[in-house]
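Asker: My questions concern the predicted model and sequence given below.
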Amino acid sequence: MAHHASAQKRMRQGEKRRARNRKNVSQLKTQVKKLRAAIAEGNAEAAKKGVVHDNAAARYKSRLSRKVSALAAAK
């Protein structure tokens, strides 16, 4: 347990940030699952939001957009 006031404050801030990031990452995963399911069904609708590293976000976007464009080309 932290003893200094500043260390206690950092712990409180860290808890809030972890909770916020967990929520956002969970929402991102849910949206990606929904998009994958929509692609599988043939209904491509994308919703994007998330807290991930830049390269990971670019990778997800690239992979999902390839799937969407492949779906559009198949029609």
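Answerer: That came through fine.
Asker: Now S62: which helix or strand?
Answerer: Counting by DSSP states H and E, the element that carries S62 is helix 54-74.
Asker: A72 versus the spatially most central residue of the chain, what's the distance?
Answerer: The centroid of the chain falls nearest to L28 when counting by C-alpha atoms, centre = their mean (2.8 Å). According to C-beta to C-beta, to the nearest Å, L28 and A72 sit 23 Å apart. Heads up, the C-betas are built off the backbone N, CA and C, glycines and all.
Asker: for A37, same thing?
Answerer: 17 Å.
Asker: What is the longest helix of the protein by residue count?
Answerer: When the chain is parsed with DSSP state H, its longest helix is helix 5-41.
Asker: what packs against it?
Answerer: In terms of contacts (3 or more C-beta pairs under 8 Å, 6 or more residues apart in numbering; DSSP states H and E), helix 5-41 is packed against helix 54-74.
Asker: And the average pLDDT for the helix it packs on is what?
Answerer: Averaging pLDDT along helix 54-74 yields 77.
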